[in-house]
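> Sharing a model prediction with you, sequence too.
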Amino acid sequence: MLTRRLIALGFLLAVELSFVRAHASAPMPCIVATLSANNRILVVNELTFDDPDETHARMPRRSTFRVYSRYSEINQGMRLDSPDSYWAHPIWSVVFEKADRPLFAVCSYTLVTDDGEFLVLVGNGFLGSNALSIYRRRDHPGQPFGGPGPDHGVLIREIPLSELWQADRIEDFITDATPQWFASGTFAFSPDNRTLIHKTRWGQTLSIDLATGKVTN
């Protein structure tokens with residue numbers, strides 16, 4: 001019943017069967033695009049469903065987060081001068097398949113660095129789900145080619161909520177009224193785009209090394 005309700009609303013986060021005693025948490029919006037703080041990097045979430053008919057209740061089968069860099073035409077003869085921003089080919093992407101993992105990212109919030117090197121997926125965090133999943137671009141500018149095929153990024157680390165909150169603050173029973181774990185907190189990247197700084201709702205500031213996923217106070 002929970003899964004049907006989430007599908008009907010279009011806010012499916014994951015498909016998971018659990019014997020943990022819990023009620024449905026408040027549904028998150030289905031985020032389909034994220035723009036970096038400097039407006040130069042765009043992340044677009046493309047969903048593939050098991051049924052092409054949008055009027056049916058359907059299940060997502062694939063979620064693809066594509067990272068784009070703002071397009072600038074160097075050929076003056078092909079350049080369009082306008083106040084809009086344009087995006088062409090993605091520089092890398094992260095792909096999740098339901099067949100690979102029963103619990104997979106579908107419509108999560110994302111955080112992306114201004115240089116487009118790191119993508120952080122913000123998870124549910126409760127009931128054993130990861131709070132943050134850090135991915136890095138595989139093929140870096142100025143470095144040797146990282147491998148054959150499309151650049152689907154490299155998983156750096158999945159961070160559980162227990163590393164961000166004290167154990168006595170993590171609830172094992174949630175309801176529709178339970179705020180998301182990141183509510184009333186803040187996120188920001190360091191000037192060099194290599195550290196994610198998170199301030200919890202209780203005012204504790206945590207630094208997360210994006211290259212390793214290590215969390216420090």
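Everything's here; your move.
> use CA for all of it now, contacts and neighbours both
Will do.
> how long is stretch 70-77 end to end?
Distances were taken as C-alpha to C-alpha, to the nearest Å; on that basis the terminal residues of stretch 70-77 are 19 Å apart.
> what kind of secondary structure is Ile174 in?
Secondary structure of Ile174, reduced to three states by DSSP: H, G, I helix; E, B strand; the rest coil: coil.
> So what touches stretch 83-101?
Counting by C-alpha atoms under 8 Å, 6 or more residues apart in numbering, the neighbours of stretch 83-101 from elsewhere in the structure are 42, 60-72, 104-105, 135, 137-138, 150-153.
> Off-centre distance for it?
Its chain's C-alpha centre and that of stretch 83-101 lie 11 Å apart, by C-alpha atoms, centre = their mean, to the nearest Å.
> Let me know the outermost residue of this structure.
Gly77 (37.6 Å; C-alpha atoms, centre = their mean).
> which of the contacts of stretch 83-101 are buried?
When neighbours are counted using 16 or more other C-alpha atoms under 10 Å, those contain these buried positions: 42, 60-69, 104-105, 135, 137-138, 151-153.
> List the residues that contact the residue nearest to Arg137 when sequence neighbours are not counted.
Spatially, and ignoring its direct neighbours in sequence, Arg137 is nearest to Gly153 (4.5 Å; C-alpha to C-alpha, 6 or more residues apart in numbering). Gly153 makes contact with 92-94, 135-138 under the criterion C-alpha under 8 Å, 6+ apart.
> Reformat those as a markdown table; add distance to Trp165, secondary structure and pLDDT.
Formatted as a markdown table, the entries for the contacts of Gly153 read as follows, by distance: C-alpha to C-alpha, whole Å; DSSP: H, G, I helix; E, B strand; the rest coil; pLDDT from 0 to 100:
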| residue | distance to Trp165 | secondary structure | pLDDT |
| --- | --- | --- | --- |
| Trp92 | 32 | strand | 95 |
| Ser93 | 30 | strand | 95 |
| Val94 | 27 | strand | 94 |
| Tyr135 | 22 | strand | 96 |
| Arg136 | 24 | strand | 95 |
| Arg137 | 28 | coil | 94 |
| Arg138 | 30 | coil | 91 |
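> out of those residues, which one sits closest to Ile170?
Within the set of the contacts of Gly153, Tyr135 lies nearest Ile170; the separation is 25.0 Å, counting by C-alpha to C-alpha.
> Does the closest one have any beta-bridge partners, and if so which?
Counting by DSSP bridges, Tyr135 is bridged to Leu119, Leu155.
> hang on, isn't it packed against Gly116?
No - because the distance of 10.7 Å does not satisfy C-alpha atoms under 8 Å, Tyr135 is recorded as not touching Gly116.
> so what sits against both of those two?
Contact criterion C-alpha under 8 Å, 6+ apart; no residue bridges Tyr135 and Gly116 by contacting each.
> okay, Glu54: pLDDT?
In the predicted model, Glu54 carries a pLDDT score of 88.
> low-scoring stretches of the chain, by residue?
Applying pLDDT under 70 to the chain flags the ranges 1-28, 100-105, 142-146.
> Now do the helices in it.
The residue ranges that make up the helices of the chain, judged by DSSP state H, are 2-9.
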